[in-house]
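In: Mind folding the following:
(one chain, ligands or ions: 3)
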Amino acid sequence: MTDAFPATAPKLGLYPVVDSVEWIARLLEAGVRTIQLRIKDCEDHEVEDAVREAIALGKQYRARLFINDYWRLAIKYHAYGVHLGQEDLDVADLAAIRQAGLRLGLSTHDDNELDRALALRPSYIALGHIYPTQTKDMPSAPQGVVELKRHLARLQDMPTVAIGGISLARVPEVLATGVGSIAVVSAITQAPDWRAATQELLALVESGIQPAEEM
Ligand SMILES: Cc1ncc(COP(=O)(O)OP(=O)(O)O)c(N)n1
Ligand SMILES: Cc1ncsc1CCOP(=O)(O)O
Ligand SMILES: [Mg+2]
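Out: Ligands and ions are numbered 1, 2, ... in the order given. Below is the predicted model of the structure:
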């Protein structure tokens, strides 16, 4: 059996996914403790400064900072973790990520992808998209909360994240599935008042979560 990636917190809570160091800094200052830097379609050298700065901020705030896609830079600057999609899995050096001690989060959209992800023993598994989203072109249909709940039944001991179209109003029905974390982009970055939105989301998503000793 393949070696497992390092553990992360059993429940990752509110998990904003943002595209700049400015957003990382703002949200860490606002109290967010799980966060992802997601800058799409650049060469490594174009995002290296941003990745390095985001990782430094993550360490400063003792936060779980995941880097999307740029796994080489995540290793180079020793990020808390990396988030990869199914296509990324075809090219990324998973052994190098594991050896460097980084956590790994994986995207899944259906049962086959769940099988593949589980076999790799990642630190968390993300499931989506749950609702229609304007943020990313998705080739598949939204899975909805009934399907989410069915998938979660297979993931008893695995930290889980739901993503895609999750607004503040939809958070209660997503949490009711038992998922351990809610990832959002537009619910924060497109909110008329991002500070208020972040505080409301933190209160809703993290109310039942005990602060973990470990990260
Ligand atoms: C928490 C979380 N879940 C899913 C994704 C999507 O990742 P991926 O499939 O690699 O697609 P891109 O984000 O790279 O477009 C994510 N980033 N974060
Ligand atoms: C990156 C990503 N992966 C699946 S859905 C999504 C975007 C989620 O954005 P939003 O929360 O604005 O729907
Ligand atoms: Mg990706």
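
In: Return the residues in contact with the residue in the chain positioned nearest to ligand 3.
Out: Nearest to ligand 3, among the residues of the chain, is G85, at 3.7 Å (C-beta to the ion). (C-beta placed from N, C-alpha, C; glycine too.) Neighbouring residues of G85 by C-beta atoms under 8 Å, 6 or more residues apart in numbering: 69, 106-107.

In: quick one: average confidence on stretch 26-38?
Out: When pLDDT is averaged over stretch 26-38, the result is 98.

In: chain center to it: distance?
Out: Relative to the centre of its chain, stretch 26-38 is centred 11 Å away, using C-alpha atoms, centre = their mean, to the nearest Å.

In: This protein: helices as residue ranges?
Out: Using DSSP state H, the helices of the chain run over 21-29, 44-60, 71-76, 86-89, 94-99, 111-119, 144-152, 171-175, 186-189, 194-206.

In: Dump the ones you listed into a markdown table; add mean neighbour count as well.
Out: Output for these, formatted as a markdown table (neighbours: other C-beta atoms under 10 Å):
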| stretch | mean neighbour count |
| --- | --- |
| helix 21-29 | 18 |
| helix 44-60 | 17 |
| helix 71-76 | 20 |
| helix 86-89 | 14 |
| helix 94-99 | 16 |
| helix 111-119 | 15 |
| helix 144-152 | 16 |
| helix 171-175 | 17 |
| helix 186-189 | 19 |
| helix 194-206 | 17 |
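
In: ok, and does the one helix or strand in the chain whose mean pLDDT sits lowest reach over to ligand 2?
Out: In the chain, the helix or strand scored least confidently by mean pLDDT, DSSP states H and E is helix 86-89, which has a mean of 94. No: using C-beta under 6 Å from any ligand atom, helix 86-89 stays clear of ligand 2, coming no nearer than 11.4 Å.

In: what about that helix and ligand 1, touching?
Out: Yes: using C-beta under 6 Å from any ligand atom, helix 86-89 reaches ligand 1 at D88.

In: How about residues contacting that helix?
Out: By C-beta under 8 Å, 6+ apart, the list of residues contacting helix 86-89 reads 69, 71, 106-109, 113, 116, 120.

In: what does stretch 32-42 give?
Out: By C-beta under 8 Å, 6+ apart, stretch 32-42 touches 9, 12-21, 24, 27-28, 47, 50-51, 54, 58, 61-70, 83, 181, 183, 185, 198, 202.

In: near ligand 1 too, which of these?
Out: Applying C-beta under 6 Å from any ligand atom to the contacts of stretch 32-42, those adjacent to ligand 1 are 15, 17, 68-69, 83, 183.

In: The residue nearest to V185 when sequence neighbours are not counted: neighbouring residues, count only.
Out: Excluding its sequence neighbours, the residue lying closest to V185 (C-beta to C-beta, 6 or more residues apart in numbering) is T135, at 4.6 Å. A count of neighbours around T135, defined by other C-beta atoms under 10 Å, yields 17.

In: What residues does the chain have near ligand 1?
Out: 15, 17, 36, 38, 40, 68-69, 83-85, 88, 105, 107, 126, 128, 136, 161, 163, 183.

In: thinking again about what came up before, of the contacts of G85, closest to A79?
Out: D69 (11.8 Å; C-beta to C-beta).

In: Residues in a beta bridge with N68, which ones?
Out: Beta bridges link N68 to H83 when assigned by DSSP bridges.

In: shouldn't it be in contact with H83?
Out: Yes: applying C-beta atoms under 8 Å as the test, N68 and H83 come out as touching, 4.7 Å apart.

In: I am finished for the moment; much appreciated.
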